[in-house]
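Chemist: With the sequence up front, the predicted model follows.
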Amino acid sequence: MKKDYYEILGIDKSADAAAIKKAYRKKAIEFHPDKNPGDKEAEENFKLAAEAYEVLSDPDKKARYDQYGHAAFEGAGGFGGGGFNNMEDIFSQFGDIFGSGFGGFGGFSGFGGSSGQRRVKGSSLRIKVKLTLEDIANGVEKKVKVKRKVKAAGVTYKTCGTCNGSGQVMRVQNTILGRMQTSSPCPTCHGSGQILDHKPKDADAEGMITAEETVSIKIPAGVSDGIQLKVSGKGNEAPGANSIPGDLIVVIEEIEHEFLKREGENIHYDLYLNIADAALGGSKEIDTVNGKVRIKIEEGIQSGKILRLKGKGLPSLNGYGNGDFLIHINIWTPKKLTKEQKDFFERMKDDDNFIPHPQKGDKSFFEKVKEMFS
Ligand SMILES: [Zn+2]
């Protein structure tokens, strides 16, 4: 069971942005690797705090987390809130929070492998995946073809001589404030600390090739249009012996259904009944996203009535319960009548059964909708 983000930062849900930032700063200093050298547990806590802060400091992600909990970022490797693989990511993202007293990025040593070397991460790739309402209702596994940069077979790298593997070059400048030392990415290796040693024939100048790969993506039930799933490590690889591959970002696109309309976890369906069926009652078979359901039509059903199939809507993303399937009753009036039908309706015009007598219980559509969502 994953720990609650608010609990990790030691705050309650009502904490505002300033309180969240303050709480994170406190935890980050407490578990800072400079203060806890070689302490794996502190490092873990440091990463967890950064993950919690990444989500809670972003109004969008916070809203999703408040609604769905950790499930909002799970599934195929997380929805973009999925934590940090390495410490450098944390410092590059939240380095400013430490202020003076901590060196931030450059002040670190002794994590992430060989000292002084950066682990370069490859760039992310984005793809769109189109899903039907049925896919969304049940969850689906999609196979997509991805063209990604990978290290060519047989490529080797060696330490960059310009920066001695640090990836950074220092420069001393004389300014009106005195001598200032600044660091910038090494122009030879572009910050990776390594340069190409053996280049296979088909590889580019960085030892990379473009390869097409089929990636299988498990999409959880209940996703919606615009949601992004992150598949870790399936983006572009980066050059260098200890680089880490980027991520594949999967953007969900919902295909509009022919006759079902989604509204959150509920599904709406317009059922047209002919005037005779509405008067006589009976039953109708309805296609829901989970198969056919036979519903009872009561005798004398009115246009505008909404029948609710509880739990036959879409599952919620966090796994708690399902939405409903709502059937809106519409009475279809025939547009053309035969002579015989015309005679029948002419005779019925003044029949008491055919004269509208709306009762208090025959609520208007708007009253019903209001009731449903209140
Ligand atoms: Zn270099």
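Modeler: Received the coordinates, thanks.
Chemist: C-alpha only now, for contacts and for neighbours.
Modeler: Fine.
Chemist: where's the residue nearest to Gly319 when sequence neighbours are not counted relative to Thr288, distance?
Modeler: Leaving out its chain neighbours, the residue that sits closest to Gly319 by C-alpha to C-alpha, 6 or more residues apart in numbering is Ala71, at 8.0 Å. As judged by C-alpha to C-alpha, to the nearest Å, Ala71 and Thr288 stand 25 Å apart.
Chemist: Over to Thr159?
Modeler: 61 Å.
Chemist: More neighbours: the two, which one.
Modeler: Counted by other C-alpha atoms under 10 Å, Thr159 and Thr288 do not tie: Thr159 has more neighbours, with 20 against 17.
Chemist: per-residue pLDDT, Glu298?
Modeler: Looking at Glu298, its pLDDT reads 95.
Chemist: State which helix of this structure is the longest.
Modeler: Among the segments of the chain that qualify as a helix by DSSP state H, the longest is helix 40-56.
Chemist: list the helices and strands it packs on?
Modeler: Helix 40-56 sits against helix 5-9, helix 17-30, helix 59-68, helix 87-94, with contacts defined as 3 or more C-alpha pairs under 8 Å, 6 or more residues apart in numbering; DSSP states H and E.
Chemist: give me that answer again for 6 Å
Modeler: Judged by 3 or more C-alpha pairs under 6 Å, 6 or more residues apart in numbering; DSSP states H and E, the packing partners of helix 40-56 are helix 59-68.
Chemist: chain center to the helix it packs on, what's the gap?
Modeler: 11 Å (C-alpha atoms, centre = their mean, to the nearest Å).
Chemist: Show me what that helix packs onto, helices and strands only.
Modeler: Looks like helix 59-68 contacts helix 40-56 (3+ C-alpha pairs under 6 Å, 6+ apart).
Chemist: List the buried residues for the helix it packs on?
Modeler: By neighbour count with 16 or more other C-alpha atoms under 10 Å, helix 40-56 contains the buried residues 42-43, 45-56.
Chemist: Ok, stretch 202-212 next?
Modeler: In stretch 202-212, counting by 16+ other C-alpha under 10 Å, buried: 203, 206-210.
Chemist: Out of those residues, which one has the lowest pLDDT?
Modeler: Glu206 (90).
Chemist: What's the separation between it and Lys121?
Modeler: Counting by C-alpha to C-alpha - Glu206 and Lys121 are separated by 14 Å.
Chemist: Same check on Val251?
Modeler: Where Lys121 is concerned, Val251 sits at a distance of 21 Å (C-alpha to C-alpha).
Chemist: Surely the residue nearest to Gly319 and Ser316 touch.
Modeler: No. Checked against C-alpha atoms under 6 Å, the pair Ala71 and Ser316 is beyond contact range at 9.9 Å.
Chemist: Pull the most distant pair out of the buried residues of stretch 202-212.
Modeler: Maximum pairwise distance among those (C-alpha to C-alpha): 11.8 Å, between Glu206 and Thr210.
Chemist: for the protein, what are the low-confidence residue spans?
Modeler: By pLDDT under 70, the low-scoring segments of the chain are 1, 74-118, 360-374.
Chemist: Fine by me, we can end here.
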